[in-house]
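Engineer: Build the 3D model from these lines:
(chains A and B)
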There are 2 protein chains.
Amino acid sequence: MAELSYPIKKLIEELKKIPTIGRKSAQRICFFLLKKEKKVAMELARAIVDAREKTFLCSICFNITTQDPCEICINKKRDHSKICVIEEPFNIISIEKTNLYHGLYHVLHGNLSPIKGIGPEELKISGLKKRLDSGPVDEIILATSPTTEGNATAHYITEMLRGYGIQITRIAMGLPIGADIDYVDSVTIARAIESRTKI
Amino acid sequence: MAELSYPIKKLIEELKKIPTIGRKSAQRICFFLLKKEKKVAMELARAIVDAREKTFLCSICFNITTQDPCEICINKKRDHSKICVIEEPFNIISIEKTNLYHGLYHVLHGNLSPIKGIGPEELKISGLKKRLDSGPVDEIILATSPTTEGNATAHYITEMLRGYGIQITRIAMGLPIGADIDYVDSVTIARAIESRTKI
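Structural biologist: Got it, this is the predicted structure:
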């Protein structure tokens, strides 16, 4: 569009690289940043640079951190005998919010996916084995998503750790709390029936 | 959340200041920027700073620009006898896309809204009068939104320009092309009937 000057076009273009942000959203965000007080835009830019420059992956659990090992891995109040295996760093936020889990984490940074060319080498899977070798762990909780890829990843890790004599568990699948059974897909209902528990 | 380090929390906080971006979206965008190649994040930050530092408002039409007067205002190929009055700079993109309008613009930067405390002084309305004084204009097209506030703004400008002897027009309201009449609200249908045209 000849009517938009270069810096505006460039900003819209960069915003569009973010998943879920399309052309219209990028335009709206761009003009919001141009119309708001300059401080808002400048602080956002600064925060992006800071987040990139001051963070890296924890060498133990591969969480994104500003210190190595990360705050969770060095926290003595946490239960170091449990490791919860997750796909992405932001999954930690969701699990911590439950206030129910106080163990450690292990971030895979994805799931196995032959279609996308993601094999075990592309994930932080081998780091998990090293952790078992270096300290006593009682339980590995596999908290990858209940999708084909998440299940395949959970299965791969289960096989990999066979022989370590550790309890391996998978987070439960079933109806989400508050769901109307009429609106839940049949695969989930089937799974909920299979995994039914005594009351 | 004690588990997120400061630069990450700060970035999520800054992203949340953008309208339509909530907590979950801010988290996703944050981790996308942290996981993608560093270049993506750095270029976005640079683009935000550039867009803020290199742009300002055109002194004639109040469009966001890198040169004053803006590219549209100095373009001799455009029809300088027509001025289309719009709410926001990004409205230009939508109108230019039609390839139907080749006149000039006048950006109000909002609509009149007594509830939000936005009166004529808060908008770039007086600049419009100055433009009529400084050059021959045949037509003012009022392209504010067909909302209470957009209509009030259009009405205010119509009154303000009474006596200038210029043709003042309002963009048409009616059924959007391709709409199913069953799904269009009755106010729009009423307006479409009132504004019916001979065939």
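Engineer: What sits closest to residue A:81 if chain neighbours are left out?
Structural biologist: residue A:138 (4.2 Å; CB to CB, 6 or more residues apart in numbering or on different chains). Placement of C-beta: from N, CA and C, glycine included.
Engineer: Can you give me the separation between that neighbour and chain B?
Structural biologist: 22 Å (CB to the nearest CB, to the nearest Å).
Engineer: cool, residue A:146 as well?
Structural biologist: 19 Å.
Engineer: re the thing from before, am I right that the residue nearest to residue A:81 is in contact with residue A:164?
Structural biologist: No: using CB atoms under 8 Å, residue A:138 is not in contact with residue A:164, being 11.0 Å away.
Engineer: helices and strands around the longest strand that chain A contains, which ones?
Structural biologist: Secondary structure of chain A read by DSSP state E shows that its longest strand is strand A:79-86. On a contact count with 3 or more CB pairs under 8 Å, 6 or more residues apart in numbering or on different chains; DSSP states H and E, strand A:79-86 meets helix A:91-97, strand A:103-107, helix A:126-134, strand A:139-142.
Engineer: Of the ones you listed, which stretch is the most buried?
Structural biologist: Each of those was scored by mean neighbour count; the highest is strand A:103-107, a mean of 23, by mean count of other CB atoms under 10 Å in any protein chain shown.
Engineer: lowest confidence element among the helices and strands of chain A?
Structural biologist: Within chain A, no helix or strand scores below helix A:186-194, which has a mean of 86 by mean pLDDT, DSSP states H and E.
Engineer: so where do the strands sit in chain A?
Structural biologist: Going by DSSP E, chain A shows strands at A:56-57, A:64-65, A:79-86, A:103-107, A:139-142, A:167-170.
Engineer: what about residue A:74, how many residues close to it?
Structural biologist: By other CB atoms under 10 Å in any protein chain shown, the residues close to residue A:74 number 12.
Engineer: contacting residues for it?
Structural biologist: Counting by CB atoms under 8 Å, 6 or more residues apart in numbering or on different chains, residue A:74 touches residue A:67.
Engineer: gap between it and chain B?
Structural biologist: In terms of CB to the nearest CB, residue A:74 sits 12 Å off from chain B.
Engineer: and the residue nearest the centre of chain A, what are its phi and psi?
Structural biologist: The centroid of chain A falls nearest to residue A:88 when counting by CA atoms, centre = their mean (1.9 Å). Here the main-chain torsion angles of residue A:88 (degrees, to the nearest 10) amount to phi -130, psi 150.
Engineer: Would you check that it makes contact with residue B:31?
Structural biologist: Yes: the pair residue A:88 / residue B:31 is scored as a contact, 6.5 Å apart, by CB under 8 Å.
Engineer: returning to that earlier point: next, the contact list for the residue nearest to residue A:81, please.
Structural biologist: Per CB under 8 Å, 6+ apart, neighbours of residue A:138: A:81-82, A:166-167.
Engineer: returning to that earlier point: could I get the strands of chain A as CSV with mean pLDDT?
Structural biologist: Putting the strands of chain A into CSV (pLDDT from 0 to 100) gives the following:
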stretch, mean pLDDT
strand A:56-57, 94
strand A:64-65, 93
strand A:79-86, 96
strand A:103-107, 96
strand A:139-142, 95
strand A:167-170, 94
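Engineer: Just give me how far stretch A:87-99 sits from the chain centre.
Structural biologist: The chain centroid and the centroid of stretch A:87-99 are separated by 7 Å under CA atoms, centre = their mean, to the nearest Å.
Engineer: tell me the mean pLDDT for it?
Structural biologist: The average pLDDT for stretch A:87-99 rounds to 90.
Engineer: CA-only coordinates of it in PDB, if you can.
Structural biologist: Extracted in PDB, the C-alpha atoms of stretch A:87-99 (Å, rounded to 0.1, in the frame of the first residue of the first chain):
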ATOM      1  CA  GLU A  87       5.900 -29.600  26.300                       C
ATOM      2  CA  GLU A  88       6.500 -25.900  26.700                       C
ATOM      3  CA  PRO A  89       7.800 -23.500  29.300                       C
ATOM      4  CA  PHE A  90       4.400 -21.800  29.600                       C
ATOM      5  CA  ASN A  91       2.800 -25.100  30.700                       C
ATOM      6  CA  ILE A  92       4.500 -24.400  34.100                       C
ATOM      7  CA  ILE A  93       2.300 -21.400  34.600                       C
ATOM      8  CA  SER A  94      -0.900 -23.500  34.200                       C
ATOM      9  CA  ILE A  95       0.300 -26.300  36.500                       C
ATOM     10  CA  GLU A  96       1.600 -23.900  39.200                       C
ATOM     11  CA  LYS A  97      -1.700 -22.200  39.200                       C
ATOM     12  CA  THR A  98      -3.400 -25.400  40.500                       C
ATOM     13  CA  ASN A  99      -1.200 -25.100  43.700                       C
END
